[in-house]
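1. What follows is a protein structure lacking sequence information:
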(Lines give C-alpha, C1' and ligand atoms only; values in the text may rest on other atoms or scores of the structure.)
Protein backbone atom coordinates (compact mmCIF):
# COMPACT_ATOMS: atom_id res chain seq x y z
CA UNK A 1 0.00 0.00 0.00
CA UNK A 2 2.81 2.39 0.87
CA UNK A 3 4.45 1.67 -2.47
CA UNK A 4 1.21 2.54 -4.25
CA UNK A 5 1.05 5.89 -2.47
CA UNK A 6 4.69 6.66 -3.42
CA UNK A 7 4.11 5.82 -7.09
CA UNK A 8 1.00 8.01 -7.21
CA UNK A 9 2.92 10.89 -5.65
CA UNK A 10 5.71 10.58 -8.16
CA UNK A 11 3.22 10.62 -11.00
CA UNK A 12 1.55 13.74 -9.65
CA UNK A 13 4.95 15.42 -9.19
CA UNK A 14 5.94 14.58 -12.78
CA UNK A 15 2.64 15.95 -14.06
CA UNK A 16 3.16 19.17 -12.12
CA UNK A 17 6.67 19.53 -13.56
CA UNK A 18 5.38 18.99 -17.10
CA UNK A 19 2.64 21.54 -16.51
CA UNK A 20 5.20 24.05 -15.20
CA UNK A 21 7.49 23.50 -18.21
CA UNK A 22 4.56 23.93 -20.61
CA UNK A 23 3.46 27.10 -18.85
CA UNK A 24 7.02 28.51 -19.01
CA UNK A 25 7.31 27.70 -22.72
CA UNK A 26 3.94 29.33 -23.38
CA UNK A 27 5.02 32.43 -21.45
CA UNK A 28 8.28 32.68 -23.41
CA UNK A 29 6.41 32.26 -26.68
CA UNK A 30 3.90 34.96 -25.77
CA UNK A 31 6.69 37.31 -24.70
CA UNK A 32 8.55 36.67 -27.97
CA UNK A 33 5.43 37.31 -30.03
CA UNK A 34 4.73 40.50 -28.10
CA UNK A 35 8.31 41.73 -28.64
CA UNK A 36 8.16 40.94 -32.35
CA UNK A 37 4.85 42.78 -32.65
CA UNK A 38 6.31 45.82 -30.92
CA UNK A 39 9.35 45.83 -33.22
CA UNK A 40 7.18 45.47 -36.32
CA UNK A 41 5.06 48.38 -35.15
CA UNK A 42 8.15 50.55 -34.64
CA UNK A 43 9.57 49.60 -38.05
CA UNK A 44 6.25 50.39 -39.69
CA UNK A 45 6.31 53.77 -38.00
CA UNK A 46 9.96 54.41 -38.95
CA UNK A 47 10.61 52.27 -42.04
CA UNK A 48 14.20 51.18 -42.33
CA UNK A 49 17.43 52.36 -40.80
CA UNK A 50 19.35 54.69 -43.15
CA UNK A 51 22.56 53.16 -44.48
CA UNK A 52 25.87 54.76 -43.80
CA UNK A 53 24.81 56.60 -40.63
CA UNK A 54 27.17 56.73 -37.69
CA UNK A 55 24.43 56.53 -35.05
CA UNK A 56 21.28 54.45 -34.90
CA UNK A 57 18.02 56.30 -34.25
CA UNK A 58 16.93 56.59 -30.64
CA UNK A 59 13.76 54.56 -31.20
CA UNK A 60 15.94 51.62 -32.37
CA UNK A 61 18.47 51.73 -29.53
CA UNK A 62 15.95 52.56 -26.83
CA UNK A 63 17.83 55.71 -25.79
CA UNK A 64 15.78 58.69 -24.69
CA UNK A 65 15.64 61.33 -27.45
CA UNK A 66 17.02 64.76 -26.65
CA UNK A 67 14.29 67.42 -26.96
CA UNK A 68 14.84 69.67 -29.94
CA UNK A 69 17.69 67.57 -31.32
CA UNK A 70 17.64 66.61 -34.97
CA UNK A 71 18.98 63.33 -36.27
CA UNK A 72 22.00 63.98 -38.48
CA UNK A 73 22.86 62.03 -41.57
CA UNK A 74 26.26 62.25 -43.26
CA UNK A 75 26.32 64.49 -46.28
CA UNK A 76 27.15 62.69 -49.47
CA UNK A 77 30.72 63.30 -50.62
CA UNK A 78 30.98 65.77 -53.46
CA UNK A 79 32.10 64.07 -56.65
CA UNK A 80 35.54 65.02 -57.69
CA UNK A 81 35.80 66.77 -61.04
CA UNK A 82 37.02 64.78 -63.96
CA UNK A 83 39.20 67.66 -65.09
CA UNK A 84 42.31 67.35 -62.85
CA UNK A 85 45.99 68.00 -62.99
CA UNK A 86 47.65 65.39 -65.21
CA UNK A 87 51.18 64.97 -66.53
CA UNK A 88 53.55 67.90 -66.32
CA UNK A 89 56.41 67.49 -68.75
CA UNK A 90 57.41 71.15 -68.88
CA UNK A 91 58.72 73.31 -66.03
CA UNK A 92 56.25 76.04 -65.05
CA UNK A 93 53.25 74.22 -66.55
CA UNK A 94 50.03 74.26 -64.50
CA UNK A 95 46.68 72.61 -65.15
CA UNK A 96 43.47 73.67 -63.40
CA UNK A 97 39.77 72.99 -63.80
CA UNK A 98 36.62 75.06 -63.41
CA UNK A 99 33.10 73.66 -62.85
CA UNK A 100 31.37 75.91 -65.34
CA UNK A 101 31.78 76.59 -69.02
CA UNK A 102 32.29 80.33 -68.43
CA UNK A 103 35.82 81.58 -67.81
CA UNK A 104 36.54 83.35 -64.52
CA UNK A 105 37.91 86.44 -66.30
CA UNK A 106 36.73 88.15 -69.47
CA UNK A 107 38.60 86.52 -72.35
CA UNK A 108 40.91 88.54 -74.53
CA UNK A 109 39.32 89.25 -77.88
CA UNK A 110 40.83 87.15 -80.66
CA UNK A 111 41.55 88.82 -83.96
CA UNK A 112 41.36 87.04 -87.30
CA UNK A 113 44.75 86.77 -88.99
CA UNK A 114 45.75 86.25 -92.57
CA UNK A 115 45.75 82.67 -93.75
CA UNK A 116 42.59 81.92 -91.71
CA UNK A 117 44.55 81.94 -88.45
CA UNK A 118 43.14 83.44 -85.27
CA UNK A 119 45.54 85.57 -83.25
CA UNK A 120 45.59 85.62 -79.45
CA UNK A 121 48.08 88.38 -78.72
CA UNK A 122 47.37 88.50 -74.97
CA UNK A 123 48.65 84.97 -74.31
CA UNK A 124 45.23 83.60 -73.39
CA UNK A 125 43.98 81.14 -76.01
CA UNK A 126 40.32 80.12 -75.90
CA UNK A 127 39.36 76.87 -77.61
CA UNK A 128 35.96 75.16 -77.78
CA UNK A 129 36.03 71.36 -78.02
CA UNK A 130 33.23 69.68 -79.94
CA UNK A 131 32.68 66.48 -81.91
CA UNK A 132 35.19 66.26 -83.55
CA UNK A 133 36.81 69.63 -83.95
CA UNK A 134 38.69 72.40 -82.17
CA UNK A 135 37.28 75.90 -82.64
CA UNK A 136 39.39 77.67 -83.76
CA UNK A 137 41.66 75.11 -85.36
CA UNK A 138 44.37 77.50 -86.65
CA UNK A 139 45.84 79.58 -83.84
CA UNK A 140 48.66 82.06 -83.43
CA UNK A 141 50.09 83.52 -80.23
CA UNK A 142 53.28 85.03 -78.82
CA UNK A 143 56.18 83.20 -77.12
CA UNK A 144 56.08 82.92 -73.35
CA UNK A 145 53.49 81.58 -70.94
CA UNK A 146 50.23 80.75 -72.72
CA UNK A 147 46.99 79.96 -70.88
CA UNK A 148 44.70 77.64 -72.82
CA UNK A 149 41.06 78.05 -71.77
CA UNK A 150 39.41 74.83 -72.94
CA UNK A 151 35.61 74.57 -72.94
CA UNK A 152 34.01 71.19 -73.60
CA UNK A 153 30.92 72.16 -75.61
CA UNK A 154 30.40 68.67 -77.00
CA UNK A 155 28.32 65.70 -75.91
CA UNK A 156 31.25 63.48 -74.91
CA UNK A 157 34.36 63.73 -72.77
CA UNK A 158 37.50 65.08 -74.44
CA UNK A 159 41.09 65.68 -73.46
CA UNK A 160 43.93 67.94 -74.55
CA UNK A 161 47.43 67.37 -75.85
CA UNK A 162 49.90 69.96 -77.11
CA UNK A 163 53.29 68.97 -78.50
CA UNK A 164 56.02 70.89 -80.26
CA UNK A 165 59.41 72.53 -79.57
CA UNK A 166 60.24 71.74 -75.94
CA UNK A 167 56.64 70.91 -75.00
CA UNK A 168 54.70 67.67 -74.59
CA UNK A 169 51.72 68.38 -72.32
CA UNK A 170 48.80 66.03 -71.80
CA UNK A 171 45.75 66.92 -69.66
CA UNK A 172 43.37 64.11 -68.72
CA UNK A 173 39.85 63.99 -70.11
CA UNK A 174 37.14 66.31 -68.82
CA UNK A 175 33.38 65.96 -69.13
CA UNK A 176 30.88 68.00 -71.20
CA UNK A 177 30.07 71.42 -69.81
CA UNK A 178 33.37 71.80 -67.99
CA UNK A 179 36.15 74.32 -68.54
CA UNK A 180 39.81 73.71 -67.74
CA UNK A 181 42.83 76.00 -67.93
CA UNK A 182 46.25 74.77 -68.99
CA UNK A 183 49.33 76.97 -68.75
CA UNK A 184 52.23 76.14 -71.04
CA UNK A 185 55.50 77.94 -71.73
CA UNK A 186 56.09 77.96 -75.48
CA UNK A 187 58.77 79.27 -77.83
CA UNK A 188 58.64 80.26 -81.44
CA UNK A 189 57.69 77.40 -83.70
CA UNK A 190 54.77 75.20 -84.75
CA UNK A 191 52.82 73.03 -82.31
CA UNK A 192 50.11 70.41 -82.70
CA UNK A 193 47.06 70.57 -80.46
CA UNK A 194 44.87 67.47 -80.39
CA UNK A 195 42.39 65.31 -78.49
CA UNK A 196 44.06 61.88 -78.26
CA UNK A 197 41.07 60.30 -76.52
CA UNK A 198 39.94 57.19 -78.40
CA UNK A 199 40.00 57.96 -82.16
CA UNK A 200 39.12 61.67 -81.84
CA UNK A 201 42.40 62.84 -83.34
CA UNK A 202 41.98 60.55 -86.34
CA UNK A 203 38.47 61.91 -86.87
CA UNK A 204 39.83 65.45 -87.22
CA UNK A 205 39.96 66.75 -83.67
CA UNK A 206 43.24 68.63 -83.84
CA UNK A 207 44.52 72.16 -84.38
CA UNK A 208 47.70 73.95 -85.44
CA UNK A 209 49.36 76.42 -83.07
CA UNK A 210 51.92 78.89 -84.46
CA UNK A 211 54.01 80.72 -81.86
CA UNK A 212 55.55 83.91 -83.25
CA UNK A 213 56.52 87.32 -82.00
CA UNK A 214 55.23 88.89 -85.26
CA UNK A 215 51.63 89.55 -84.37
CA UNK A 216 49.53 92.55 -85.21
CA UNK A 217 49.59 95.01 -82.35
CA UNK A 218 52.77 93.42 -80.96
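-> Thanks, I have it. The model shown is predicted, which means the values in this text are computed figures rather than measured ones.

2. What is the subsequent helix or strand relative to the lowest-mean-pLDDT helix or strand in the chain?
-> Least confident helix or strand, the chain: strand 111-113 with a mean of 46, by mean pLDDT, DSSP states H and E. As assigned by DSSP states H and E, the chain's next helix or strand after strand 111-113 is strand 117-120.

3. What strands line up against that next one, and which way round?
-> Here strand 117-120 has these sheet partners by DSSP bridges: strand 111-113 (antiparallel), strand 138-141 (parallel).

4. Which strands or helices does the helix or strand just after that strand pack on?
-> Remark: after strand 117-120, the chain's next helix or strand is strand 124-130, criterion DSSP H and E. Helices and strands touching strand 124-130, by 3 or more CB pairs under 8 Å, 6 or more residues apart in numbering; DSSP states H and E, are strand 133-135, strand 138-141, strand 144-152. Just so you know, the C-beta spots here come from the backbone N, C-alpha and C atoms, and that holds for glycine as well.

5. Tell me which of these approaches residue 168 most closely.
-> Evaluated with CB to CB, those place strand 144-152 nearest to residue 168, the distance being 14.5 Å.

6. The closest one versus strand 124-130: what angle between them?
-> When axes from the mean of the first three to the mean of the last three CA atoms, to 10 degrees is applied, the directions of strand 144-152 and strand 124-130 differ by 30 degrees.

7. about what we covered before: how about a markdown table for the helices and strands packed on strand 124-130, with distance to residue 182 added?
-> A markdown table is the format used below for the helices and strands packed on strand 124-130 (distance: least, CB to CB, whole Å):
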| stretch | distance to residue 182 |
| --- | --- |
| strand 133-135 | 13 |
| strand 138-141 | 13 |
| strand 144-152 | 4 |
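
8. Need the ones you listed in JSON lines (columns: mean neighbour count).
-> Below are these laid out as JSON lines (neighbours: other CB atoms under 10 Å):
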{"stretch": "strand 133-135", "mean neighbour count": "18"}
{"stretch": "strand 138-141", "mean neighbour count": "22"}
{"stretch": "strand 144-152", "mean neighbour count": "21"}
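
9. nearest to residue 195, of the ones you listed?
-> Nearest to residue 195 among the helices and strands packed on strand 124-130 is strand 133-135; the distance by CB to CB comes to 7.6 Å.
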